[in-house]
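In: structure here, sequence nowhere to be found:
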């Protein structure tokens with residue numbers, strides 16, 4: 001695996017990663033099972049979408065998120081699961097977990113706190129535990145279609161730089177780097193905006209205020225298949241370990 005460059009373009013990061021035929025849940029579940037992990041911490045769990053999939057797969061998962069509103073929805077969905085209201089960059093005292101994950105969440109952390117959030121997540125793992133960081137890259141038709149609502153070019157790149165810098169500095173160890181493409185289908189533009197607003201309710205007003213540009217971006221980027229609009233989003237997953245757990249391995 002090539003040495004990471006924190007300033008490389010999304011296309012270069014994709015070229016370094018190994019391609020897998022899966023989706024986000026499949027990548028996580030397969031990795032966690034291969035590592036023999038049982039107790040999982042999901043950081044930035046939001047309303048519990050991924051938490052639910054991990055719970056259904058048999059993992060003892062704990063969700064953590066700073067949003068009380070999102071956690072209320074998560075608790076209503078999964079009453080038997082433990083959820084903690086906290087920021088990843090300021091974790092409370094926790095019992096060690098077998099593994100942890102950020103799923104499309106690191107780029108929502110304040111840029112100055114991203115590296116701290118990654119290191120904090122690794123700090124609550126048992127010896128040998130692994131952290132999985134899943135991030136959407138600033139490329140793909142989904143990304144281009146949403147730019148009139150919220151242009152995440154800079155913040156997504158900052159998340160990549162945070163992880164890659166820690167690796168290049170030797171503060172954490174890269175165990176694996178995978179890539180895949182998420183395909184999303186929508187009935188129409190309204191359903192796409194509703195999807196975006198579930199992550200951040202403020203996006204609904206932004207979509208309305210940039211309606212003309214959004215309509216053009218939607219029209220220019222969708223592919224229609226079986227009566228649905230299709231948008232694709234490349235993602236990567238870094239599997240990371242603490243440097244002190246590396247045993248000298250790169």
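Out: Cool, the structure landed. Just so we're clear, the structure is a prediction, and the values are computed from it rather than from any experiment.
In: so which elements touch the lengthiest helix in the chain?
Out: Taking DSSP state H as the criterion, the chain has its longest helix at helix 153-168. Packing partners of helix 153-168 (3 or more C-beta pairs under 8 Å, 6 or more residues apart in numbering; DSSP states H and E): helix 10-16, helix 114-123, strand 125-136, strand 172-186, strand 228-242. Glycine gets a C-beta too; all of them are placed from N, C-alpha and C.
In: one more pass at 6 Å, please.
Out: Helices and strands touching helix 153-168, by 3 or more C-beta pairs under 6 Å, 6 or more residues apart in numbering; DSSP states H and E, are helix 114-123.
In: for the helix it packs on, packing partners?
Out: helix 153-168.
In: let's see 10 Å
Out: Contacts defined by 3 or more C-beta pairs under 10 Å, 6 or more residues apart in numbering; DSSP states H and E place helix 114-123 against strand 39-43, strand 97-103, strand 125-136, helix 153-168, strand 172-186, strand 228-242.
In: picking that back up, which parts of the longest helix of the chain are buried?
Out: Going by neighbour count (16 or more other C-beta atoms under 10 Å), the buried part of helix 153-168 is 155-167.
In: got the angle for it vs helix 114-123?
Out: 50 degrees (axes from the mean of the first three to the mean of the last three C-alpha atoms, to 10 degrees).
In: helix 153-168 vs strand 172-186, what angle?
Out: Going by the same axes, to 10 degrees, helix 153-168 makes 150 degrees with strand 172-186.
In: rounded mean pLDDT for helix 153-168, please.
Out: Helix 153-168 shows a mean pLDDT of 96.
In: now do that helix: distance to the chain's middle.
Out: In terms of C-alpha atoms, centre = their mean, to the nearest Å, the centre of helix 153-168 is found 13 Å from the chain centre.
In: just how off-centre is stretch 134-145 within its chain?
Out: Using C-alpha atoms, centre = their mean, the offset of stretch 134-145 from its chain centre is 12 Å.
In: looking only at pLDDT, what's the mean for it?
Out: Stretch 134-145 comes out at a mean pLDDT of 97.
In: what of stretch 90-105?
Out: Stretch 90-105 carries an average pLDDT of 96.
In: in that stretch, what counts as buried?
Out: Burial within stretch 90-105, assessed by neighbour count using 16+ other C-beta under 10 Å, is assigned to 91, 94, 97, 98, 99, 100, 101, 102, 103, 104, 105.
In: you'd agree residue 164 is up against residue 106?
Out: No. Applying C-beta atoms under 10 Å, one finds residue 164 not in contact with residue 106, separated by 11.9 Å.
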